[in-house]
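*Asks:* I would like to see how this sequence folds:
(chains A and B)
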Amino acid sequence: MIDLKATPATESLLFLFFRRMRVPLVVLISAYAIATLGFTLVPGVDDEGNPWRMTLFEAFYVVSYTGSTIGFGEVPYEFTAAQRMWTIASIYLTVVAWLFSIGSIISLLQDPVYARALRQARLARSVRAMSQPFYLVCGYGDTGRMLTRALTARGHPVVLMEQKREKIETLAVEDLGASVTGFALDARMPEHLVSAGLRSRWCAGVLAVTGDDQANLKIAISARLLNHKVTVHARAGSREVAQNMRSFETDHVVSPVDEYCRRLRLALEQPDLYRLYHWMLSGPGAALPKHLELPRGPWIVCGFGRVGRAVWRTLTEAGIETRLIDPHPDREDRPDGTIRGTGTQAETLEEAGIGTAAGIVAATSDDADNLSILVTAESLNPDLYLAALENGLSSHDLFEAAEPDFVAQPSTVTAGTMLGRIASPLIGPFIDELLKAGNESARDLLACLLKHQDDRPPALTAGRISANRSPAVARAIERGEAVTVGMLLTDPRDRERRLPLEALLIKRGDENELCPPDDRELELGDRLLLGGRRGAARRVGSTLENDHSLDYVRTGIDHQRGWVWRWLQKNGAAPAPEGHGGEPRG
Amino acid sequence: MNLGKVVFGFFVLLALTLNFGFFLGEIDNPAHHNVYELFAALVVGLIATVLKLGERSQMGAVLLASSLVVDLQLIAAAIVWAVGAHMSPDGLTPALMASIVSLSGGALLANLLSVVLLTLETAGLSR
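*Replies:* Numbering: from 1, shown residues only, chains lettered A, B, ... in the order given. Predicted coordinates for the structure are as follows:
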């Protein structure tokens, strides 16, 4: 009979252990049996000198204590020479048998195959024991590390899967906010994804951010097929892979090159929208980009790799005159007028017209070259808009020091874009609406948000108006009373003050409204996205759930006192206490 | 021919024959039951159990269970014998002997089951 269902890992470990213990156990039993039998056969004498032989019981007793090297002496009677000889034989027999068995156990535990199986069984058990939503991150490169840090900082456990054991081992020394389980497995194998909890009901999302496009594709399709409910975010290096992923409904595909170009184009055409977009979609450590008026004029692109090509296309499509510097100007897909060189030398840059240029994009695949281009270009033309591609995290400090106006690093772009969308499903529609709305509304929204906070990105919170999530508001709406967005944003402890929050989006059915005005009335089933100072959204909770709080922010009448006060107030005997006036103030 | 199967079959069968030899005779007559036979049956039974450890098939699991039953019954019989021969003031009485033999009789049933299962498995294989 062939059992096709996979046995749980722990059970197969037990089988492996027993199978390996067969021979040592047989040896041990045989040694004890031979020694015991021998003692009953060897002639001895009792204390009165009569011939005597041990019974099996006495023999087993003697073997038990000599075999375990305890040694009580010669019982019940002093041994004869023959018995002593057999004692010597039995001691060596049993002790060697013990050493052999213990040695086998130790060698089994040190066996790398067994150790790996044991470790994986332990990890799989810890994933099964998970009891809160967790994310499955595949690939622990720069992007994976950034995602893991940000997700654990938000309190989500993370299950990591990375092929290289060394990278997983660095986890042990990282100080992360929530539990991280690291599997050193190939994420391309669907069964590995399953053992890492893909099918768990707590698996909230799969993030495929390995360095290999085909691997990401395989992970995305496995996740889609094996768990319909999970959201899948994947990185795609090329356009074909991105389209392939979208074809089987991967929830969110990030293509770092496309994203880089989109941001560059926003920076060129809609600077305020770019600031807001980049601020909200660059991870938790992002700073608000400075406001810069872009000089109009020709641009220089250095390098014609994947990014350089996309940037060149973007700039040309935007109607900007663009000059290209590339070490191989003769290759067929290079545009006419390409200048030979890398852009690190002043002559090359001057040949490209650096003196009259508006901006330069350093997009070679070498970070040192990119830095050199930035520094040389700035010394030639200080007014130049400097944009750079940062290939790896390791030179991040250098890029900071070179102070380019626009820097994008593929891993930050990917991680930031994913993190932005992970927080809530409403963020996707919000970004889409924002991009549609254009620069003016982005500027207004940015001004509103900046009233509440410094240049750290706003914390986003999503909520739903329903009997479960916001019972007080739902009851009020059912009574026919109007509840507006502005009421929710009022401080439930002092209605004169406004919480440091802005309503970013209302989703009503299929319709999205960007930045709803304060007097917009809420309806049952509305989904609301709020953004603002960290922790402020918690205070909205009391308005949503507590009838008294809601009444207070709606009418200004504070019912939150005991029945004695209420009775006194009804009889007109008690003046309303200061600050909690029965009449709305002002 | 599979040497592992030969060894296992040998031990299962030997456990049955030894146990049967011990069981044979008047139930309460110590002269009919040699304690060395009980000892040998126990040791062989233990080895047969160890040989079946870590088997994954359904048949292997049932065989392991039946050998465990054999071991348990025979260990109980050995303890009763040790109590009778060394600790009770009257020595090995017919009543104690009867309980030893009946315990080994239980083990004999389990031994028999092991052999039947083994035969079935072999017959199933050849088909």
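*Asks:* list the contacts for the residue of the stretch 251-400 of chain A found nearest chain B?
*Replies:* Relative to chain B, the nearest point of the stretch 251-400 of chain A is A:Asp251 (40.4 Å; C-beta to the nearest C-beta). Glycine gets a C-beta too; all of them are placed from N, C-alpha and C. A:Asp251 makes contact with A:Thr231, A:Val232, A:His233, according to C-beta atoms under 8 Å, 6 or more residues apart in numbering or on different chains.
*Asks:* Identify all contacting residues around the stretch of helix or strand the second one belongs to.
*Replies:* Translated: A:Val232. Per DSSP states H and E: A:Val232 is located in strand A:231-235. Strand A:231-235 is contacted by residues A:143, A:204-210, A:216-217, A:219-220, A:223-224, A:245, A:250-256, A:414, A:418, A:421-422, A:425 when judged by C-beta under 8 Å, 6+ apart.
*Asks:* So which residues of the stretch 101-250 of chain A form helices?
*Replies:* In the stretch 101-250 of chain A, the helices defined using DSSP state H, counting those that start in this stretch lie at A:112-128, A:142-153, A:165-169, A:190-195, A:213-226, A:239-247.
*Asks:* again with the stretch 251-400 of chain A
*Replies:* All helices of the stretch 251-400 of chain A, identified by DSSP H, counting those that start in this stretch, fall at A:256-269, A:271-280, A:306-317, A:346-351, A:367-380, A:396-402.
*Asks:* Turn those into CSV, columns for mean pLDDT.
*Replies:* Listed next are those as CSV, based on pLDDT from 0 to 100:
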stretch, mean pLDDT
helix A:256-269, 83
helix A:271-280, 84
helix A:306-317, 83
helix A:346-351, 82
helix A:367-380, 84
helix A:396-402, 75
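*Asks:* Next, format those as a markdown table and append distance to chain B and mean neighbour count.
*Replies:* Below are those laid out as a markdown table (distance: least, C-beta to the nearest C-beta, whole Å; neighbours: other C-beta atoms under 10 Å in any protein chain shown):
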| stretch | distance to chain B | mean neighbour count |
| --- | --- | --- |
| helix A:256-269 | 48 | 21 |
| helix A:271-280 | 55 | 22 |
| helix A:306-317 | 51 | 20 |
| helix A:346-351 | 70 | 16 |
| helix A:367-380 | 54 | 20 |
| helix A:396-402 | 53 | 14 |
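*Asks:* can you list the ones you listed in CSV and add distance to A:Asp444?
*Replies:* As requested, the helices of the stretch 251-400 of chain A are exported to CSV (distance: least, C-beta to C-beta, whole Å):
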stretch, distance to A:Asp444
helix A:256-269, 17
helix A:271-280, 9
helix A:306-317, 27
helix A:346-351, 39
helix A:367-380, 33
helix A:396-402, 30
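*Asks:* Could you tell me how many residues sit around residue 41?
*Replies:* Assuming you mean chain A. A:Leu41 has 12 neighbouring residues, counting by other C-beta atoms under 10 Å in any protein chain shown.
*Asks:* wait, chain B
*Replies:* By the criterion of other C-beta under 10 Å, B:Ala41 has 28 neighbours.
*Asks:* That one touches B:Val12, doesn't it?
*Replies:* No: contact between B:Ala41 and B:Val12 fails when scored by C-beta atoms under 8 Å: they sit 11.9 Å apart.
*Asks:* quick revisit: can you give me the offset of the strand holding A:Val232 from its chain's centre?
*Replies:* 12 Å (C-alpha atoms, centre = their mean, to the nearest Å).
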